[in-house]
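>>> Turn this into a model:
(one chain, ligands or ions: 1)
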Amino acid sequence: MAGPLGKDLLGLAPLTAEQIRLVLDTAVPFREISERQIKKVPTLRGMTIVNLFFEASTRTRISFEFAEKRLSADTVNVAVAGSSVSKGETLVDTARNLEAMKIDMVVIRHPASGAAQFLAERIESNVINAGDGTNEHPTQGLLDMLTLRDRFGDLAGKRICIVGDVLHSRVARSNIWGLTKLGAEVAVCGPRSLLPNAIGEMGVTVFNRIEEAIEWADALNVLRLQLERMEAGYIPSLREYNRVFGVTRARLDRAPRDICILHPGPMNRGVEIDSDVADGPHAVILAQVTNGLAIRMAVLYLLAGGKPELAEAAKKGAA
Ligand code: NCD
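Below is the predicted model of the structure:
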């Protein structure tokens, strides 16, 4: 069953600006369902969804699970963290087993870039990429964009700087694809060792000093230093990183405009972001989490063939 997004959501690179806007617009009516006392509509009743997580996750997994349950789908969680079986074989086997169980959708997180696409090409069910290696994390990109749109309205011409460990970040890549498609100006800022060599080819500005980024930006998306993906030698020390690139209150106080701070989580407080920023008036970090649920409901709904114009009716429990 292919809806307006096609069969799968593998990344924001393959989507058009219209498809991205469609997900953002569809998420808005879904947001209200989570405000109710009974947070459930029958939209996906009878559908079976497998959440296949080959890598640690709390917020993304729980967010998908809540989104599925609030739309009344039946869900099964498979956590495969720590499995040392060769990745290709594992996925082929997993794909065959899932098919045999007649499921409708798979949400997959995997440490290998391209794993979601690999699975999508081998099963008929809809596949949603919940983060594949350093490639893409489309629902995170979409929720960041919805949060920015709540704040700024139209994103065209808005200046968003992604700060920190861009090299290891699928969040950065999904943000860059999505934001540039909607006409935002995108920059990255971080130590040279944590920026991909070909970053300029993605159409972004590069800042080497956080002060310049803060001077330029309407919003900063602050990335976690992905220590688990670093073998050695990317930065001298965490303290040094905080001193040179940390998003601190003192630095924000010198910003020429009221800057908006996003962080996809989990945060390393005192490293890439200080606590008084994370908990302060500039941060929209918890709004991102709330929006994440609505974005995932919208994605599930649209992949299941839901009509965008019926999202309002689904909200009322009628579709
Ligand atoms: C991100 C991820 O897993 O890619 N986190 C998330 O989805 N909540 C970013 C990160 O791990 O730093």
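>>> Please make it C-alpha for all contacts and neighbour counts, starting now.
Noted.
>>> Within range of the ligand, give me the residues from the stretch 1-150 of the chain.
Neighbours of the ligand within the stretch 1-150 of the chain, by Cα under 6 Å from any ligand atom: 59-60, 131.
>>> By neighbour count, which of these wins?
Each of these was scored by neighbour count (other Cα atoms under 10 Å); the top score is that of Gly131, with 32 neighbours.
>>> Who are the contact partners of the closest residue to that residue other than its chain neighbours?
Here the nearest residue to Gly131 in space, its sequence neighbours aside, is His137; by Cα to Cα, 6 or more residues apart in numbering that works out to 4.3 Å. Applying Cα atoms under 8 Å, 6 or more residues apart in numbering, one finds that His137 lies in contact with 11, 129-131, 170-171, 173-174.
>>> picking that back up, could the residues of the stretch 1-150 of the chain next to the ligand go into JSON lines alongside pLDDT and secondary structure?
Shown next, in JSON lines, are these (pLDDT from 0 to 100; DSSP: H, G, I helix; E, B strand; the rest coil):
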{"residue": "Arg59", "pLDDT": "92", "secondary structure": "helix"}
{"residue": "Thr60", "pLDDT": "97", "secondary structure": "helix"}
{"residue": "Gly131", "pLDDT": "98", "secondary structure": "strand"}
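>>> My read is that Leu10 contacts Pro138, right?
Yes: when contacts are counted by Cα atoms under 8 Å, Leu10 is listed as touching Pro138 (7.0 Å).
>>> shared neighbours, the two?
In terms of Cα under 8 Å, 6+ apart, Leu10 and Pro138 are both contacted by the residues Asn129.
>>> Contacts only, for the residue sitting nearest the centre point of the chain.
The C-alpha lying nearest the average C-alpha coordinate of the chain belongs to Gln140 (Cα atoms, centre = their mean; 1.1 Å). Residues in contact with Gln140, defined by Cα under 8 Å, 6+ apart, are 171, 174, 264, 292.
>>> Give me the phi and psi angles of it.
Taking degrees, to the nearest 10, you get phi -70, psi -40 for the backbone angles of Gln140.
>>> quick one: it from Gly265, how far?
With distances defined as Cα to Cα, to the nearest Å, the gap from Gln140 to Gly265 amounts to 10 Å.
>>> shaky segments in the stretch 1-150 of the chain?
1-2, 81-89 (pLDDT under 70).
>>> just so I have it, where are all the helices in it?
Secondary structure of the stretch 1-150 of the chain (DSSP state H, counting those that start in this stretch): helices at 17-31, 59-70, 87-100, 115-120, 138-152.
>>> and these, which is most packed in?
helix 138-152 (a mean of 23; mean count of other Cα atoms under 10 Å).
>>> Off-centre distance for that helix?
9 Å (Cα atoms, centre = their mean, to the nearest Å).
>>> which residues of the stretch 151-300 of the chain score low on pLDDT?
Scanning the stretch 151-300 of the chain with the threshold set as pLDDT under 70 gives 230-232.
>>> 90 instead?
200-202, 225-237 (pLDDT under 90).
>>> Which neighbouring residues are in contact with Ala130, exactly?
Taking Cα under 8 Å, 6+ apart, one finds 60, 107-109, 137-139 in contact with Ala130.
>>> Please disregard the earlier target; I meant Arg257.
By Cα under 8 Å, 6+ apart, the contact list for Arg257 reads Asp218.
>>> So what sits opposite Val247 in the bridge?
Listed beta-bridge partners, Val247: Ile273 (assigned using DSSP bridges).
>>> Now Val299. Nearest residue, chain neighbours left out?
Using Cα to Cα, 6+ apart and skipping residues adjacent in sequence, the residue nearest Val299 is Val23, 6.5 Å away.
>>> doesn't Leu300 make contact with the one you found?
No: in this structure, Val23 sits apart from Leu300 without contact. The criterion is Cα under 8 Å, and the distance is 10.0 Å.
>>> measure the residue nearest to Gly131 to Pro111 for me?
Summarising the geometry, the distance separating His137 from Pro111, computed by Cα to Cα, is 12 Å.
>>> what's the overlap in contacts for these two?
Both His137 and Pro111 are in contact with Gly131, where contact means Cα under 8 Å, 6+ apart.
>>> so Lys181 touches Ala17, yeah?
Yes: contact status for Lys181 versus Ala17: in contact at 5.4 Å, counting by Cα under 8 Å.
>>> For stretch 218-232, give me every contacting residue.
Stretch 218-232 is contacted from outside by 158-166, 168-169, 172, 214, 247, 257-268, 272-273, using Cα under 8 Å, 6+ apart.
>>> Next, the angle from the longest helix anywhere in the chain to helix 17-31.
Residue-count comparison of every helix in the chain, with assignments taken from DSSP state H, identifies helix 285-303 as the longest. Angle between the axes of helix 285-303 and helix 17-31 is 110 degrees (criterion: axes from the mean of the first three to the mean of the last three Cα atoms, to 10 degrees).
>>> what's helix 285-303 packed up against?
With contacts defined as 3 or more Cα pairs under 8 Å, 6 or more residues apart in numbering; DSSP states H and E, the packing partners of helix 285-303 are helix 17-31, helix 59-70, helix 138-152, strand 260-262.
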